[in-house]
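**Student:** sequence below, structure please.
(2 chains)
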Amino acid sequence: GQNIDQPTEMTATEGAIVQINCTYQTSGFNGLFWYQQHAGEAPTFLSYNVLDGLEEKGRFSSFLSRSKGYSYLLLKELQMKDSASYLCGVSGGSYIPTFGRGTSLIVHP
Amino acid sequence: EAGVTQFPSHSVIEKGQTVTLRCDPISGHDNLYWYRRVMGKEIKFLLHFVKESKQDESGMPNNRFLAERTGGTYSTLKVQPAELEDSGVYFCASSHSAGSYEQYFGPGTRLTVT
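**Tutor:** Numbering: from 1, shown residues only, chains lettered A, B, ... in the order given. Below is the predicted model of the structure:
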């Protein structure tokens, strides 16, 4: 089975940096996903990490440590529109993620 | 390019009734997935189609749920008869081919069973 843990809620200030952590325990591991979901909308793909290390994509970066079962999503230069739920998901085989409950990020002025 | 669409956006039915949800994937996407989010819990995988074939239906909760993808285009998910615990948001997602890890999600259908 798979167990994924991430904080329920985080708050941050516009312009700041925030790090959303995700830890996982899984019987098989292919890669780790991050999705963003605004309230009432579809989840949208942010990143997929297979190898250890940091992958940067604009203001968003994702880090993976397979040996520690740990990932984080780093958001820089926060904007109000970044207020959303961030879903961590782990795939054990065919790119189908098992998701955590998501972290609700609130960005305030 | 049009995204993944789902119909209806909301559905309220009584326990024991039947509901059919529809998903139109992005044109040309062979892979189609169904997920469900029950209130307060995580998004959970239900099943995966490759074209018209069911590749993995390990997440289907029970035989009250029937998914089809005739012709390998749109898909339907029928719940019959609906129970209270079926309430939640049903998401559909699609991806292009076998090696595609990025899934494109639809906005979901919110199902309420009363």
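
**Student:** number of residues surrounding B:Asp24?
**Tutor:** By the criterion of other C-beta atoms under 10 Å in any protein chain shown, B:Asp24 has 18 neighbours. Bear in mind the C-beta positions are built from the backbone N, C-alpha and C, glycine included.

**Student:** my guess is B:Tyr90 contacts B:Arg36, does it?
**Tutor:** Yes: using C-beta atoms under 8 Å, B:Tyr90 makes contact with B:Arg36 at a distance of 5.2 Å.

**Student:** residues near A:Ser94, how many?
**Tutor:** The tally of other residues near A:Ser94 (other C-beta under 10 Å) stands at 13.

**Student:** just checking, B:Gly71 is part of a helix?
**Tutor:** Yes: residue state for B:Gly71 (DSSP: H, G, I helix; E, B strand; the rest coil) corresponds to a helix.

**Student:** for it, what are its contacts?
**Tutor:** Applying C-beta atoms under 8 Å, 6 or more residues apart in numbering or on different chains, one finds that B:Gly71 lies in contact with B:Glu52.

**Student:** for the chain, which spans come out with low pLDDT?
**Tutor:** All of this is about chain A. Applying pLDDT under 70 to chain A flags the ranges A:1.

**Student:** try again with chain B
**Tutor:** B:1.

**Student:** make it 90
**Tutor:** In the predicted model of chain B, residues B:1-2, B:39-40, B:70-72, B:97-101 satisfy pLDDT under 90.

**Student:** for it, list the residues in contact with chain A, please.
**Tutor:** Within chain B, the positions lying close to chain A (C-beta under 8 Å from any C-beta of the partner chain) are B:3-4, B:33, B:40-45, B:48, B:55-56, B:91, B:95, B:100-108.

**Student:** gap between A:Pro43 and chain B?
**Tutor:** The gap separating A:Pro43 from chain B is 5 Å, by C-beta to the nearest C-beta, to the nearest Å.

**Student:** quick one, phi psi at that residue?
**Tutor:** For A:Pro43, the backbone dihedrals (degrees, to the nearest 10) come out as phi -60, psi 140.

**Student:** burial count for it?
**Tutor:** Residues lying near A:Pro43 (other C-beta under 10 Å) number 30.

**Student:** these two touch, right, it and A:Tyr35?
**Tutor:** Yes: with contact defined as C-beta under 8 Å, A:Pro43 and A:Tyr35 form a contacting pair (4.2 Å).

**Student:** with adjacent residues omitted, what lies nearest to A:Ala12?
**Tutor:** Once flanking residues are discounted, A:Ala12 sits nearest to A:Val18: 4.2 Å by C-beta to C-beta, 6 or more residues apart in numbering or on different chains.

**Student:** residues in contact with the one you found?
**Tutor:** Per C-beta under 8 Å, 6+ apart, neighbours of A:Val18: A:10, A:12, A:74-75, A:78, A:105.

**Student:** returning to what we had before: can you tell me which of the residues of chain B next to chain A are in strands?
**Tutor:** Using DSSP state E, the subset of the residues of chain B next to chain A located in strands is B:33, B:43-45, B:48, B:55-56, B:91, B:95, B:104-105.

**Student:** near chain B, which residues of chain A?
**Tutor:** Within chain A, the positions adjacent to chain B are A:4, A:31, A:33, A:35, A:40-45, A:48, A:87, A:91, A:94-102 by C-beta under 8 Å from any C-beta.

**Student:** mind redoing it with 6 Å?
**Tutor:** A:41-43, A:45, A:48, A:95-96, A:99-101 (C-beta under 6 Å from any C-beta of the partner chain).

**Student:** most neighbours among the residues you listed, please name it.
**Tutor:** Neighbour counts for the residues of chain A next to chain B, by other C-beta under 10 Å, peak at A:Pro43, which reaches 30 neighbours.
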